[in-house]
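Visitor: Sequence isn't available, so here's the structure alone:
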């Protein structure tokens, strides 16, 4: 090589080195550069919604990089800021601990997901089964065991009773409404039953099992699972420093309730402690939780798909989050004054935690994961779109109570689906575009609820499937009859109220004789209505079902007395010499009393 060639070669090498150092940028991967991009977007999102934050802690993990965001106040009145030692209630995110526990026992060969759960339950356990088909742990994890829901004894204020999980499960006001595997209905009871099976198989109290097999391996010293926080004094002290708020930033008082079926929602701790669960779920081998890598891998493999599709819905108790990567699973949670979410994408190595001290919050618990994981993009197929009119109608969630007075709330939770154009639908003011036959997506809500899959059912007609529950078709005649009965009951109440007021005033002014049985019936009607309203108030206040039993018994006594009195009035109306106006009042009293009794019996406002 001559001197000229040598100089050229050296110049080339110098240029190459400079280009590598300053000019060359290797192709970016999703996980390598995403944290900076995500952090900026999260920061902008928090600024945009700053006025909607009471208190918030968010953690994003992208492989080895961790982003922390803590905003707002633990106690707005005392101006206590959210910090690393702030504790949050997990709500239903607590169920993640149940499913980890179940898979640990499966890995050890002590539990099988496809075996009838009666194999693991005591012979004298009072089961809620009504169908002969076996219920498996897989059904419990997929929320397809067929159980309905209950709004009583879910959370109780100032209870002094120490809860035994078996007793709580046996006393629960729950029925098996559907055959196993038939319908998806999110079930707190089913999750609690799975936790009890963990107790029976392991021989340990569930709290002790979680402490020994999850908290200790992960060094989680700032998390409690006991409903009274007796298992962690530090958490109990810190809980007194945080308050809960509504979406309108109003203080919720009181905001600490105990959960009798505690495995389903009693976990409480710091965001950094929950981060340890997230990191363990993201770890390639899952060694801190499981002995075999395939266990942690299988935990995030779909175990249930939307009807007649290949779209995942559930993976071993974790719910599918429609996202850009299309393999994100996790869980959300709500308590009386807190909301939370945890989502994991093991294939990309990304995880998100969002904890807030706000009731029924979704702006952050759903919005931040959507920013991190991206919006769902459906793979388009060359198919002919269906006529969406076939899905028009009234629907209600499958997880509603099917018995007991709380089933009346179903009237308020029904939604109407109507056709929009030829191929789309509108439900609850949300516009859903058809992606392909049976699959609809909305841009109006968060990504968690963006996807609906509609299907036909041999017995239930139409079924609309979303994240947590199937929606079942309600015939219009049933909807109209039920609402018609309620409206007539309101008219009956107004009639009794007006009659008592007018008759009392006339009695004072004119000293006119009143018919004791007629007047008494209207007073009794009003007392019954006041009792029903008090039952509703007490239920919303989260008192125990036992507290409501005397009130419900009063309604049963009312029905007996009212029907006997109505029969007496029916006899007297023929014997009394009444004017046309008075006779109408007597007849209306009898009819309206029967309507009120029918409503009490139909909606089961009795014990």
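Guide: Received it, and whenever you're ready, just let me know what you need. Worth saying up front: this structure is predicted, and the values here are computed from it rather than measured. Numbers count the residues shown, from 1 in each chain.

Visitor: Stretch 570-584 spans what distance, first to last residue?
Guide: End-to-end distance for stretch 570-584: 12 Å, by C-alpha to C-alpha, to the nearest Å.

Visitor: How about stretch 284-298?
Guide: For stretch 284-298, the first-to-last residue distance is 12 Å (C-alpha to C-alpha).

Visitor: Name the residues of that stretch that are buried.
Guide: Buried residues in stretch 284-298, defined by neighbour count with 16 or more other C-beta atoms under 10 Å: 286, 288, 289, 290, 295, 296, 298. Where you see a C-beta, it was placed from the backbone N, CA and C, and this is true even at glycine.

Visitor: Which two among the residues you listed are spaced furthest apart?
Guide: The largest separation in the buried residues of stretch 284-298, counting by C-beta to C-beta, is between 288 and 298 at 16.7 Å.

Visitor: what's the closest non-adjacent residue to residue 489?
Guide: residue 599 (4.7 Å; C-beta to C-beta, 6 or more residues apart in numbering).

Visitor: show me the contacts for the one you found.
Guide: Neighbouring residues of residue 599 by C-beta atoms under 8 Å, 6 or more residues apart in numbering: 485, 486, 489, 605.

Visitor: In helices only, show me these.
Guide: When DSSP state H defines the helices, the subset of the contacts of residue 599 inside them is 485, 486, 489.

Visitor: ok, and the closest non-adjacent residue to the first one?
Guide: Which is residue 485. residue 599 is the one closest to residue 485 (C-beta to C-beta, 6+ apart), at 5.8 Å.

Visitor: before we move on, the earlier item: kindly list the main-chain dihedrals of the residue nearest to residue 489?
Guide: Main-chain dihedrals, residue 599, degrees, to the nearest 10: phi -70, psi -40.

Visitor: Contact partners for the nearest residue to residue 306 once chain neighbours are set aside?
Guide: Closest residue to residue 306 apart from its sequence neighbours, by C-beta to C-beta, 6+ apart: residue 453 at 3.9 Å. Contact analysis of residue 453 by C-beta under 8 Å, 6+ apart lists 306, 307, 308, 309, 311, 438, 439, 440, 464, 465.

Visitor: so where do the helices sit in the stretch 51-200 of the chain?
Guide: Assigned by DSSP state H, counting those that start in this stretch, the helices in the stretch 51-200 of the chain fall at 95-107, 137-142, 165-171, 188-202.

Visitor: ok so, going back, what is the three-state secondary structure of the residue nearest to residue 306?
Guide: Of the three states, residue 453 takes strand according to DSSP: H, G, I helix; E, B strand; the rest coil.

Visitor: What confidence value was assigned to residue 129?
Guide: Predicted confidence (pLDDT) at residue 129: the value is 94.

Visitor: Touching, it and residue 135? I think so.
Guide: Yes: because the distance of 6.8 Å satisfies C-beta atoms under 8 Å, residue 129 is recorded as touching residue 135.

Visitor: sec struct for the closest residue to residue 59 other than its chain neighbours, please.
Guide: Nearest non-adjacent residue to residue 59, counting by C-beta to C-beta, 6+ apart: residue 353, 4.5 Å away. Following three-state DSSP, residue 353 is assigned to strand.

Visitor: Enumerate every residue touching residue 353.
Guide: Per C-beta under 8 Å, 6+ apart, neighbours of residue 353: 57, 58, 59, 60, 271, 274, 275, 278, 340, 341, 342.

Visitor: Need the pLDDT of the first one.
Guide: Yep, that's residue 57 we're talking about. At residue 57, the model reports a pLDDT of 98.

Visitor: now swap in the fourth one and tell me
Guide: Looking at residue 60, its pLDDT is 96.

Visitor: wait, it sits on residue 352?
Guide: Yes: Residue 60 is within contact range of residue 352, at 5.4 Å (criterion: C-beta under 8 Å).

Visitor: Overlap of the contact sets of these two?
Guide: 368, 372.

Visitor: Residue 478 - that's part of a strand, no?
Guide: No: judged by three-state DSSP, residue 478 forms no part of a strand; its state is helix.

Visitor: Report how many residues lie close to it.
Guide: 10 (other C-beta atoms under 10 Å).

Visitor: got it, and residue 499?
Guide: 21.

Visitor: again with residue 346
Guide: 20.

Visitor: any idea how far residue 331 is from it?
Guide: Counting by C-beta to C-beta, to the nearest Å, the gap between residue 346 and residue 331 amounts to 15 Å.

Visitor: Can you name the residues bridging to residue 333?
Guide: residue 340 (DSSP bridges).

Visitor: Next, the contact list for it, please.
Guide: Contacts of residue 333 by C-beta under 8 Å, 6+ apart are 89, 90, 91, 92, 93, 94, 95, 265, 339, 340, 341.

Visitor: Pull the number of nearby residues for the closest residue to the first one other than its chain neighbours.
Guide: Spelled out, it's residue 89. What sits nearest to residue 89 in space, not counting adjacent residues and going by C-beta to C-beta, 6+ apart, is residue 338, at 3.9 Å. Neighbours of residue 338 under the rule other C-beta under 10 Å: 29.

Visitor: Could you tell me the per-residue confidence at residue 338?
Guide: In this model, residue 338 carries a pLDDT of 97.

Visitor: Return the residues in contact with it.
Guide: 88, 89, 90, 91, 244, 355, 356, 357, 358, 359.

Visitor: Please flag which of those sit within strands.
Guide: 88, 89, 355, 356 (DSSP state E).

Visitor: hmm, which two among these are most spread apart?
Guide: Checking the ones in strands among the contacts of residue 338 with C-beta to C-beta, the most distant pair is 89 and 356, at 10.0 Å.

Visitor: got any residues that touch both of these two?
Guide: By C-beta under 8 Å, 6+ apart, the residues touching both residue 89 and residue 356 are 338, 340.

Visitor: Max pairwise distance over the contacts of residue 333: which two?
Guide: 95 and 339 (14.7 Å).

Visitor: which of these two has more neighbours?
Guide: residue 339 (30 against 24).

Visitor: Quick check: closest non-adjacent residue to that one.
Guide: Residue 339 sits nearest to residue 361 (C-beta to C-beta, 6+ apart), 3.8 Å away.
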